[in-house]
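Participant: Give the three-dimensional model of this entry:
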Amino acid sequence: MSVSRVGLGTAPLGGLASAAGRRQATETLKAAWAAGIRYFDTAPHDGAGLAEQRLGAFLTGAGQPRAETTVSTKVGRLPVPGEPAPGDEAFHGAPGLVTVRDYSADGVYRSLAESLERSGLDAFDIVFIHDPDGCWEQAVRGAYPALARLRDEGAVRAMGAAMNQTAMLTRFVTETDLDCVLVAGRYSLLDRSAADELLPACAERAVGVLVGGVFNSGILANLAPDAVYDRAPASKAVLRHARALGERCAEYGVPLAAAALRFPLRHPAVTGVVVGARSAQEITVNAALASMTIPEELWPELDVLEAEER
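Facilitator: Below is the predicted model:
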């Protein structure tokens, strides 16, 4: 199974950080398709199911052959009735629903059944165990064997784990039989920690690697004084490091955001990157960044800056 080198993450379409309208989401998905994106990553947690619903409505519409697309969703963050506060867990999503953690086998089957009904899709290609931080035992004894069974039966084509940390992902890779991982924010120009153990382990075991969070919540795309790093205000040290990277990129006529998007793809273990977008304009910008020519001489200089920061 293959994915496009740049995939679309649907969290912004589920109202991450700010509300997103249905028409806006549709126009964003249309722009992604026109740009050649054929891998879409979603999750029940993205707006308590709102993103899955919008993605499914688009992919089941006219003009988007399902056979040309790869779609991943996640289990472990299950939408249930409840009244979320505005911006709960950074989402402005579906009203009357909140997400709870459930990494049991029954939770996996329920989550997938609801995701299929919500999206209108007949199957998902990849299913990730979603953010099982602090829930290793339930995830490895409940969610993992349930997904492995579905994979063996052909109900899903591949299974993996998606997290914002590397330690547990490395444990999944070395102690189970995952097909792929999605690591967010831990292999970027500002945080290369995935290169220490996770990426070598994936390369050794032929586990596919998808990298999300290439802009580290925005700082590598926007160097404003109030820049955000890992969903929190950037510290002075992080902002200083990012600005140094930006200045070195500027010397080569390269936007920092272009280098940030392309950096993970240089590692031989990395299959693709997943970039979120909330508008057609952002899709256009990201597509331009992805196709930009970057001088090879720039990368060693960015490596030196990273080594100095360490």
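Participant: Do a quick rundown of the helices in the stretch 101-250 of the chain.
Facilitator: Counting by DSSP state H, counting those that start in this stretch, the stretch 101-250 of the chain has helices at residues 105-119, 136-138, 144-152, 167-175, 198-205, 236-251.
Participant: Please produce JSON lines containing those, extended by mean neighbour count.
Facilitator: C-beta here means a position set from N, CA and C on the backbone, and glycine is covered the same way. As requested, those are arranged in JSON lines below (neighbours: other C-beta atoms under 10 Å):
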{"stretch": "helix 105-119", "mean neighbour count": "18"}
{"stretch": "helix 136-138", "mean neighbour count": "14"}
{"stretch": "helix 144-152", "mean neighbour count": "18"}
{"stretch": "helix 167-175", "mean neighbour count": "19"}
{"stretch": "helix 198-205", "mean neighbour count": "19"}
{"stretch": "helix 236-251", "mean neighbour count": "16"}
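Participant: can I get the ones you listed in a markdown table with mean pLDDT and distance to residue 41?
Facilitator: Converted to a markdown table, these look like this (pLDDT from 0 to 100; distance: least, C-beta to C-beta, whole Å):
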| stretch | mean pLDDT | distance to residue 41 |
| --- | --- | --- |
| helix 105-119 | 96 | 13 |
| helix 136-138 | 97 | 23 |
| helix 144-152 | 97 | 16 |
| helix 167-175 | 98 | 16 |
| helix 198-205 | 98 | 17 |
| helix 236-251 | 96 | 25 |
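Participant: Can you check which of those gets nearest to residue 125?
Facilitator: helix 144-152 (10.9 Å; C-beta to C-beta).
Participant: What lies in contact with that closest one?
Facilitator: Outside of helix 144-152, the residues within contact range by C-beta atoms under 8 Å, 6 or more residues apart in numbering are 75, 105, 108-109, 112, 127, 129, 156-159, 172, 176-177, 179.
Participant: Please identify which of those residues is nearest to residue 92.
Facilitator: Nearest to residue 92 out of the contacts of helix 144-152 is residue 75 (C-beta to C-beta; 22.9 Å).
Participant: Output the helices of the stretch 101-250 of the chain as CSV; include the columns distance to residue 3.
Facilitator: Listed next are the helices of the stretch 101-250 of the chain as CSV, based on distance: least, C-beta to C-beta, whole Å:
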stretch, distance to residue 3
helix 105-119, 18
helix 136-138, 27
helix 144-152, 17
helix 167-175, 18
helix 198-205, 15
helix 236-251, 27
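Participant: Specify the stretch among the ones you listed that is closest to residue 284.
Facilitator: Taking C-beta to C-beta, helix 236-251 is the member of the helices of the stretch 101-250 of the chain nearest to residue 284, at 20.4 Å.
Participant: Tell me which other helices or strands the closest one touches.
Facilitator: Where contact means 3 or more C-beta pairs under 8 Å, 6 or more residues apart in numbering; DSSP states H and E, helix 236-251 is packed against strand 228-229, helix 256-262, helix 298-309.
Participant: from the ones you listed, which stretch is densest packed?
Facilitator: Burial of these is given as mean neighbour count (mean count of other C-beta atoms under 10 Å); helix 256-262 ranks first at a mean of 23.
Participant: packing partners for that one?
Facilitator: Here helix 256-262 touches helix 236-251, helix 280-291, going by 3+ C-beta pairs under 8 Å, 6+ apart.
Participant: Distance to residue 51 added to the ones you listed, as JSON lines?
Facilitator: Shown next, in JSON lines, are the helices and strands packed on helix 256-262 (distance: least, C-beta to C-beta, whole Å):
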{"stretch": "helix 236-251", "distance to residue 51": "28"}
{"stretch": "helix 280-291", "distance to residue 51": "15"}
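Participant: among those helices, which is nearest residue 36?
Facilitator: helix 280-291 (7.7 Å).
Participant: Buried residues of that closest one, list them for me.
Facilitator: Counting neighbours by 16 or more other C-beta atoms under 10 Å, one finds that the buried residues in helix 280-291 are 280, 282-283, 285-287, 289-290.
Participant: who's in contact with it?
Facilitator: 5-6, 8, 27-28, 30-32, 35-37, 255, 257-258, 261-262, 275, 277.
Participant: thinking again about what came up before, right, and out of the contacts of helix 144-152, which lies closest to residue 66?
Facilitator: Taking C-beta to C-beta as the measure, residue 66 lies nearest residue 157 of the contacts of helix 144-152, at 12.9 Å.
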